[in-house]
Structure formats: C-alpha cells, structure tokens
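# model the structure of this input:
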Amino acid sequence: IVQLAVYNGMGRDDDGDMVGEVLAHYLEFTFGIISSLIAFWFVMDNKFVCGKEIGEILYGTHRDCNICVDSLREFSGTYLKPSLSGYGSMWRNNSDMRASM
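Sure thing, here's the model as predicted:
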C-alpha cells in the first residue's frame, strides 16, 4: 500500500512520467529484502531445531525426544509382562527367575 501511495501520490512530471517511480522501486526492493530475510530466518531456525532433534535421536538419552517417548509409552504394556502360567518365562530377567525358584 505504501508503494502504491508513493508511486501514484507524487504526481507526474512534465513528460507525463510518474515522479515517485524510482522511490517506489526502492521501496519494492526494500520490502523484498525484508521479506526474504524473514523467510531465511524462519528456515535457519527450523534447521537448527531439526539438527538438535536428530542429534537427540542419534546420540541423546531420548528423554527429550517426543518420538521415542511416544514409542516407549506405546509398547510398554506389551513386553516383559510376568506370566502366572509359565508362558512368557523367556521374557523374564534373572531376578524374576531367581524369585520363582
């Protein structure tokens, strides 16, 4: 809107050309530079966040990883259940084996 106001609001010169045309181009390039810097800032911020998440998945303790926490919570009830009937004894650890003897 500012660019249009500058371009159309400054009138015409003797040849009929718009007086604010050059200034309107400067505003256009300035707005383009500002919007591209904002987009670049957004992209780089996401790149750093992704780098931290990938580092946490590969080398971290997995406490802060949302994907790992959800998968651990999802499968926590399916494995290592003690069984009363003796089936599933292969999933017990050594302390469970000693306690049952």
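# and the helices in the chain?
Assigned by DSSP state H, the chain shows helices spanning 2-9, 21-59, 66-75, 94-100.
# got the buried residues for the first one?
Of the residues in helix 2-9, those buried by neighbour count under the rule 16 or more other C-beta atoms under 10 Å are 3, 6-7. All C-beta spots, glycine's among them, are computed from the backbone N, C-alpha and C.
# for that helix, what is the average pLDDT?
Averaging pLDDT along helix 2-9 yields 86.
# not counting that helix itself, show me its contacts.
With contact meaning C-beta atoms under 8 Å, 6 or more residues apart in numbering, helix 2-9 is reached by 18, 20-21, 23-24, 27-28, 31.
# kindly export it (C-alpha atoms) in CSV.
Below are the C-alpha coordinates for helix 2-9, written out as CSV (Å, rounded to 0.1, in the frame of the first residue of the first chain):
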residue,chain,number,x,y,z
VAL,A,2,2.9,2.3,0.8
GLN,A,3,4.5,1.6,-2.5
LEU,A,4,1.3,2.3,-4.4
ALA,A,5,0.8,5.5,-2.4
VAL,A,6,4.3,6.7,-3.2
TYR,A,7,4.0,5.8,-6.9
ASN,A,8,0.6,7.3,-7.5
GLY,A,9,0.6,10.1,-4.9
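# what angle separates that helix from helix 21-59?
170 degrees (axes from the mean of the first three to the mean of the last three C-alpha atoms, to 10 degrees).
# hang on, the earlier thing: and of the buried residues of helix 2-9, the nearest to Leu37?
The closest of the buried residues of helix 2-9 to Leu37 turns out to be Gln3 (C-beta to C-beta; 17.9 Å).
# mind checking how far that closest one is from Thr30?
Relative to Thr30, Gln3 is positioned 9 Å away (C-beta to C-beta, to the nearest Å).
# out of the contacts of helix 2-9, which are buried?
Buried among the contacts of helix 2-9 (16+ other C-beta under 10 Å): 18, 20, 24, 27.
# which of the residues you listed sits closest to Thr61?
Closest approach to Thr61 among these (C-beta to C-beta): Leu27, at 51.1 Å.
# distance of the closest one from Asn8?
For Leu27 relative to Asn8 (C-beta to C-beta), the value is 13 Å.
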